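Engineer: turn this into a model:
(chains A and B)
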Amino acid sequence: MRRILPFLIVAVGLLALAFAVLPIDRPFSDPPRAMDTRLGLDLRGGLRGEYQVIATDDQPVTAEILATTRSIIEQRVNATGLSEPIVQTQGTNRISVEIPGVENVDQVRALIGSTGRLDFVPVPAESSQSVVDGAPLPAGMDATPLFSGDEISVAEPGFSNLGEPEVRFTLKETGARLFAEFTSQAAPTRQRFAIVLDEVVVSAPAVNDPIPNGTGRISGNFTVEEMNNLVTVLKYGALPLEINEVGFSQVSATLGQSFLEQSLVAGAIGLGLVCLFMLLHYRLPGAVAIIALIYYSVVMLALFRFIPVTLTLAGVAAAVLSVGMAVDANVLIFERTKEELRAGKTVSAAVEAGFNRAWSSIFDSNVSSLITGAILYYFGSPIIKGFALVLILGVLVSMFTALTLSREILRWVVRQPWSRRAAFFGVREDEFTIAAPPIRGRSREASARV
Amino acid sequence: MFDIIGKRRWFYVFSLLITVPGIIAILLTFLPGARMGLQFSIDYTGGTIWEVHFQGDTPSAAEVREVLVEQGLPDSSVAITTAGERQYVLIRTEEIGLQEQASATPPPSASPSGSPEPSGSPAPSASPAANASPEPSPSPGLIVPTEGELGELASALQQRFGSIDEVRQESSVGPIISQEVITGAMILIVLGSLGILLWMTFRFGDFRMGAAAVAALVHDVVVVLGIFAILGTLFGLQIDALFVTAMLTVIGFSVHDTIVVFDRVRENRIRHAGEPFSAIVNHSLLQTLGRSVNTSLVVLITLASLLLFGGDAIRSFIFALLIGIVSGTYSSIFNASALLVDWHEWSERRRQQAFVQSRAGG
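Structural biologist: Below is the predicted model:
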């Protein structure tokens, strides 16, 4: 084990460096995608919406309905060609949508939020005057639809002779038959039928001629965006239940960019100062701690890219904070080492004792951090989850680095003749006991027990 | 040797000097009518934040507020923010612009909310009719852009100050989310404390150590909340969604510190068995003082640089962390260990009394 450890450390370090720097494809991904550092919406700009599925008296929100709603919304968003949307279910009746870098926010919101229930409703002659575009059907009118949007097999965007956007559709067999029957019976009286989308009349044309082949067009006063939205909604079907937007936020890409730059600059300055402090206060062990810190940072970055962890503002803060924890493990060890030196131990014995005695503090305190981290991760909201994940990774990696890398390097260093100077360890000359020349075969465990 | 434990009364007093005004300020929050105590951001109260840039000259906050009042949003705040050369108008209002609201506002489609019954009802069972939902919302969706109240506000602003050419951020939080954030936060803090209490009791084999650590942790939570309540009353410093995260980090850090001290107490109790408990604790405190101060210093350095250079969005979060870490270091050195000693001596005395009584009785 002792022989293997240095190789393990180097191997992990090299692997992490490769993951952190090289453009490697993400393993087990189909199609292959490059590993990249993922940034949250607050750091790259984008929109996040949260929607609640609304139960009706006779239809509670089941897991199945939630899943269906999620996948329909996902298909709708994907159809817009926006990159990397994340559509997730939250709890028992909510769905969150995150889309980075959106420009036309209102269109996307309308697309996600519309139930997409399209009804073809014959208008009785007596109600003919009261059906108005852009308003719901008049109260008291028989709103039984002839058929609904699920009878549409193909929907395409198009433009009318006047150049206005319209949606062209082809009906399935049943729909086409019903439509043919209705139109042939309605044509003589020029009866109207209303195309109703989510209970608002889009248009209510009068039937001029029978339509036997099940094709038609919907022309409201569409904008091009509205037309495209309608085509998308018809393509993927109506949501099983209505949804309401309960939370929404949007951050512009420039704001995200400036957040990112600010936190990177702040993090770099902070880290630089920490390194300076460690070097001035702890001298040689401080230098070892800095190497450990760099190693720690590379491993963390590699993990962020590998898992992948989506970095948000809170995540960056957690990363900076966990640097504090990584340093803490080293501080604990070095303070203890100093104490042991002052108590008259030789350098190598003091280093061993420093690691061994500090271990119980490091373990207990880090486990308590892991406990809070786990609770945060399990019960927290998405922002808190991201923070918790970074914190948990930080604690684990910092424990690993302190106990393997720092220890191995320091062991090696104190075996070198040039390192045996009191000033290197931040203690006075008279507190410093130079180690007896290492005796071959003497086990380190024995020296640690001094 | 410096006697920390012997002076523990003074350290208790110092803690009280901060926590008592803090608690009073926190309690002011519950005073109806007065806008004092903790100031909650829209993450908790629900509301809308909207930050925009005008193509022409940036209007003054007072001018924008006039428009807001005209729009029926008198309880709004307006701030002018700067990023580089550009000036933005940051508007905070009650919650507007969410779809359910949006659909209720535009006059043309307003009728079904008045008459929920007939809107779409005699529909066959296959169609999930809307009339059972709390607010029948005929989401106009594709036909009318869902701009709602925010859209009206936008056009009113543009009429007066010229066109808006950039929306920097927009955020609306409905009452459902905000309620969840509050209960979630409380549950997280209670669960976190419980987990720590259990872990420490298990590892140190002493419930008193766990309880003292949790007492120090509660102290830190109260200090941070109290300072935010005081500064909230005086300067309107707000508590946002990240505050919970800060609180939990503070809890973790406070316990981190306390564990390091208690770990040394555990070790010294065995080594120096027979010495008075207060001496053992004091000795342990002095031994770990260097580490406690240095670690806090390292974290404070990184936090200070985040506070100075990290930008507005996380400033209040970092500030909460900063107070919490200082308080956490203080409480683990001066409160947790002192409490442990007091508790220990108290149960010692009780045991002696019981012993004396049992002798006198027998």
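Engineer: please point out which parts of the helix or strand where B:S292 lies sit buried.
Structural biologist: Remark: B:S292 resides in helix B:277-309, with elements defined by DSSP states H and E. Within helix B:277-309, the residues that qualify as buried are B:278-285, B:287-288, B:290-292, B:294-307, B:309, counting by 16 or more other CB atoms under 10 Å in any protein chain shown. Where you see a C-beta, it was placed from the backbone N, CA and C, and this is true even at glycine.
Engineer: show me which of those neighbour chain A.
Structural biologist: Restricting those to those near chain A by CB under 8 Å from any CB of the partner chain leaves B:287-288, B:290-291, B:294-295, B:297-299, B:301-306, B:309.
Engineer: who's in contact with A:L43?
Structural biologist: With CB atoms under 8 Å, 6 or more residues apart in numbering or on different chains as the criterion, the residues that contact A:L43 are A:256-257, A:259-260, A:263, A:311-313, A:316.
Engineer: which of those residues ranks first by neighbour count?
Structural biologist: Counting neighbours by other CB atoms under 10 Å in any protein chain shown, A:V316 comes out on top of the contacts of A:L43 with 27 neighbours.
Engineer: mind telling me what element that residue is part of?
Structural biologist: Using DSSP H and E, A:V316 maps to helix A:313-342.
Engineer: average model confidence for that helix?
Structural biologist: For helix A:313-342, mean pLDDT is 81.
Engineer: which other helices and strands does the very next helix or strand once past it contact?
Structural biologist: Using DSSP H and E, the helix or strand that directly follows helix A:313-342 along the chain is helix A:347-379. Packing contacts for helix A:347-379, counted by 3 or more CB pairs under 8 Å, 6 or more residues apart in numbering or on different chains; DSSP states H and E, involve helix A:313-342, helix A:382-401, helix A:407-415, helix A:444-448, helix B:175-204, helix B:241-271.
Engineer: and those as JSON lines, adding distance to B:Y44?
Structural biologist: As requested, the helices and strands packed on helix A:347-379 are exported to JSON lines (distance: least, CB to CB, whole Å):
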{"stretch": "helix A:313-342", "distance to B:Y44": "16"}
{"stretch": "helix A:382-401", "distance to B:Y44": "14"}
{"stretch": "helix A:407-415", "distance to B:Y44": "46"}
{"stretch": "helix A:444-448", "distance to B:Y44": "53"}
{"stretch": "helix B:175-204", "distance to B:Y44": "5"}
{"stretch": "helix B:241-271", "distance to B:Y44": "8"}
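Engineer: looking at chain B, which helix or strand does the model trust least?
Structural biologist: Of the helices and strands making up chain B, the lowest-confidence element is helix B:111-114, at a mean of 32, by mean pLDDT, DSSP states H and E.
Engineer: picking up where we left off before, tell me the one among the contacts of A:L43 nearest to B:Q55.
Structural biologist: When the contacts of A:L43 are compared for distance to B:Q55 (CB to CB), A:Q257 comes out closest, at 20.9 Å.
Engineer: my guess is the closest one meets A:L39, correct?
Structural biologist: No: at 9.7 Å, A:Q257 and A:L39 do not qualify as touching, with contact defined as CB atoms under 8 Å.
Engineer: which one, of the helices and strands packed on helix A:347-379, ends up nearest to A:E166?
Structural biologist: Set against A:E166 and scored by CB to CB, the helices and strands packed on helix A:347-379 come closest in helix B:175-204, at 37.8 Å.
Engineer: returning to that earlier point: for the helix holding B:S292, packing partners?
Structural biologist: Under the contact criterion of 3+ CB pairs under 8 Å, 6+ apart, the helices and strands touching helix B:277-309 comprise helix A:253-282, helix A:313-342, helix B:241-271, helix B:315-330, helix B:337-361.
Engineer: show the average pLDDT along it.
Structural biologist: When pLDDT is averaged along helix B:277-309, the result is 88.
Engineer: could you check the angle that helix makes with helix B:241-271?
Structural biologist: 150 degrees (axes from the mean of the first three to the mean of the last three CA atoms, to 10 degrees).
Engineer: in the sheet, who's paired with B:V89?
Structural biologist: Here B:V89 shows beta-bridge partners B:V52, B:I80, assigned using DSSP bridges.
Engineer: neighbours around it, how many?
Structural biologist: Close neighbours of B:V89, defined as other CB under 10 Å, add up to 23.
Engineer: that one and chain A, how far apart?
Structural biologist: 14 Å (CB to the nearest CB, to the nearest Å).
Engineer: name the spans of the chain whose pLDDT lies under the cut-off.
Structural biologist: All of this is about chain A. Counting by pLDDT under 70, the ranges of chain A that qualify are A:1-2, A:26-35, A:103, A:433-450.
Engineer: sorry, should have said chain B
Structural biologist: For chain B, residues meeting the criterion pLDDT under 70 lie at B:1, B:34, B:97-148, B:176-177, B:362.
Engineer: what's around the closest residue to A:S398 other than its chain neighbours, how many residues?
Structural biologist: Closest residue to A:S398 apart from its sequence neighbours, by CB to CB, 6 or more residues apart in numbering or on different chains: A:A326 at 3.5 Å. Other residues near A:A326 come to 28 when the count uses other CB under 10 Å.
Engineer: doesn't A:G394 make contact with A:A326?
Structural biologist: Yes: counting by CB under 8 Å, A:A326 touches A:G394, with 6.9 Å between them.
Engineer: residue contacts, B:I24?
Structural biologist: B:I24 touches nothing, counting by CB under 8 Å, 6+ apart.
Engineer: for it, what are phi and psi?
Structural biologist: Note on B:I24: backbone dihedrals following degrees, to the nearest 10 are phi -60, psi -50.
Engineer: and what of A:Y51?
Structural biologist: Here the main-chain torsion angles of A:Y51 (degrees, to the nearest 10) amount to phi -120, psi 140.
Engineer: beta partners of the closest residue to it other than its chain neighbours?
Structural biologist: When the adjacent residues along the chain are set aside, A:Y51 lies closest to A:I243, with 4.4 Å between them (CB to CB, 6+ apart). Beta-bridge pairing of A:I243, defined through DSSP bridges, involves A:V53.
Engineer: A:I243: what's it in contact with?
Structural biologist: Contact criterion CB under 8 Å, 6+ apart gives A:51-54, A:69, A:95, A:113, A:115 as the residues in contact with A:I243.
Engineer: among those residues, which one has the most neighbours?
Structural biologist: Neighbour counts for these (other CB under 10 Å) peak at A:G113, which has 30 neighbours.
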